[in-house]
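Chemist: model this:
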Amino acid sequence: MLRKHQEEQEKLELKNVSKSFGDNRVLDNISLNVETGNIVSILGPSGCGKTTLLNVILGLTDLTGGQILFDGEDVSRLPMKKRGFNIVFQDFALFPNTMLAMDEIKSAFESLRGHYPADPDIDAIYSVFEPSLLKVLPECSALKPFVPECMDYLRRYGVKIGSTTGYTAKMMDVVVPCVRDAGYSTDCLVTPDEVGGRGRPYPYMIFENLRRLGIQDTRGVAKIGDTVSDIEEGLNAGLFTVGVTEGSSVMGLSESEFSALSEKEREEAHLRAAERFFTEGANLVICNLGEISLVKAAVEAL
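Modeler: Predicted structure coming up:
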């Protein structure tokens, strides 16, 4: 998350920030100072409130208590468009042709460093980021609801399961044993490293899955994902493409946050996320993988 650089003394300050969803207190008196030029990683297990914290800073979610200050100004009650902050979702990779090529990020980097980001800058940022991520990955690899049941259902019908990811091979070496023990195992996994660094939204990881699995006819293949880049990847590969709303970056709610919503609020959140996925070109949108039978029926009807 970046804001255009203005003066050297700019600082983002959180004072006793709290957020509750019903009786569920997600953020509890969070205080944080981020000086100009700092790079800060917020790490923790799934559902601990990372997304909620970013959302309250951005203005996507109202605070329950506390203050958010930028350059000494209280922006806690300002609408998002007046805060001037930006966000890059987790779909994007830290490479010259993705995140650091975005105009807002590139301009902010140039204002701060006096030049546009080059390979040495990317390497320096990544050298700080990767060890931190690898350290917490085992704690952040919990499966989403209905994943084991979905795997059992697909295996029962003899469906081959391939996987693509935004993680590197080194990261997946940590993740795979964790999710396998929890009930998630695929027939094939392809990382961006194996296709020349051209991950989502490029279709090459899908193509490599198809090659390894020996699939010639893609009319019986579906791409299922919970990010916009998943949808783009599937469409670019020419596949029937399905969005999953619960737990998606589009919905922007952790499992605990979603569970704390009323039934009406859950339905509204689902509809908002579904609308975004359909706008991006998804052929079908489901709430969660508990509805995998709908995907099977839709693909068989093609």
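
Chemist: Going by C-alpha atoms from here, please, whenever you check contacts or count neighbours.
Modeler: OK.

Chemist: what helix or strand is the spatially closest residue to E194 that is not a sequence neighbour on?
Modeler: In space, and not counting its chain neighbours, E194 is closest to M205: 7.8 Å by Cα to Cα, 6 or more residues apart in numbering. According to DSSP states H and E, M205 maps onto helix 204-213.

Chemist: pLDDT (mean, whole number) over the next helix or strand after that helix?
Modeler: Counting by DSSP H and E, the next helix or strand C-terminal to helix 204-213 is strand 222-225. Mean per-residue pLDDT for strand 222-225: 97.

Chemist: Strand partners (parallel or antiparallel) of strand 222-225?
Modeler: Applying DSSP bridges, strand 222-225 is found paired with strand 240-244 (parallel).

Chemist: Can you give the distance of the strand it pairs with from its chain's centre?
Modeler: 16 Å (Cα atoms, centre = their mean, to the nearest Å).

Chemist: picking that back up, my guess is the residue nearest to E194 contacts V190. True?
Modeler: Yes - the criterion here is Cα atoms under 8 Å, and M205 meets it with V190 at 5.7 Å.

Chemist: if you count what's nearby, which of the two comes out ahead?
Modeler: With neighbours defined as other Cα atoms under 10 Å, M205 and V190 compare such that M205 has more, 28 against 24.

Chemist: For the more buried one, give me its contacts.
Modeler: The neighbourhood of M205, defined by Cα atoms under 8 Å, 6 or more residues apart in numbering, consists of T164, V190, T191, P192, E194, V195, G199.

Chemist: could those residues be laid out in TSV, adding pLDDT?
Modeler: Shown next, in TSV, are the contacts of M205 (pLDDT from 0 to 100):
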residue	pLDDT
T164	97
V190	97
T191	95
P192	93
E194	95
V195	93
G199	89
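
Chemist: Break this structure down into its domains, please.
Modeler: The chain breaks down into these domains under automatic domain parsing: 2-138, 141-300.

Chemist: related to what we said a few turns ago, looking at the contacts of M205, which is nearest K15?
Modeler: Taking Cα to Cα as the measure, G199 is the one of those closest to K15, at 38.5 Å.

Chemist: wait, is the closest one part of a helix?
Modeler: No - under DSSP: H, G, I helix; E, B strand; the rest coil, G199 falls outside any helix and is assigned coil.

Chemist: okay, and for the stretch 1-150 of the chain, where does confidence drop off?
Modeler: Applying pLDDT under 70 to the stretch 1-150 of the chain flags residues 1-9, 46-47, 81, 86-99, 102.

Chemist: go again using 90 as the cut-off
Modeler: Within the stretch 1-150 of the chain, the segments meeting pLDDT under 90 span 1-11, 19-27, 35-63, 71-73, 77-145.

Chemist: At which residues are the strands of it located?
Modeler: For the stretch 1-150 of the chain, strands defined by DSSP state E, counting those that start in this stretch occupy the ranges 2-3, 11-21, 24-35, 65-70, 73-74, 85-86.

Chemist: Okay, buried residues for the helix holding M205 please.
Modeler: Judged by neighbour count (16 or more other Cα atoms under 10 Å), helix 204-213 contains these buried residues: Y204, M205, I206, E208, N209, L210.

Chemist: swap in stretch 66-86?
Modeler: Those would be G66, Q67, I68, L69, F70, D71, V75, S76, M80, R83, for stretch 66-86 by 16+ other Cα under 10 Å.

Chemist: Equivalent analysis for stretch 149-156, please.
Modeler: Using 16+ other Cα under 10 Å as the test for burial, stretch 149-156 gives C150, M151.

Chemist: Does L154 lie in a helix or a strand, and which?
Modeler: With DSSP H and E as criterion, L154 is part of helix 147-156.

Chemist: How far does that helix sit from its chain's centre?
Modeler: Relative to the centre of its chain, helix 147-156 is centred 23 Å away, using Cα atoms, centre = their mean.

Chemist: CA atoms only: put it into CSV for me.
Modeler: Extracted in CSV, the C-alpha atoms of helix 147-156 (Å, rounded to 0.1, in the frame of the first residue of the first chain):
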residue,chain,number,x,y,z
VAL,A,147,-11.6,-28.1,0.3
PRO,A,148,-11.1,-31.7,1.6
GLU,A,149,-14.7,-32.5,0.7
CYS,A,150,-14.2,-31.0,-2.8
MET,A,151,-11.1,-33.2,-3.3
ASP,A,152,-12.9,-36.3,-2.2
TYR,A,153,-15.8,-35.5,-4.6
LEU,A,154,-13.5,-34.9,-7.6
ARG,A,155,-11.5,-38.1,-6.8
ARG,A,156,-14.7,-40.1,-6.6
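
Chemist: tell me what that helix is packed against?
Modeler: Using 3 or more Cα pairs under 8 Å, 6 or more residues apart in numbering; DSSP states H and E as the contact criterion, no helix or strand is in contact with helix 147-156.
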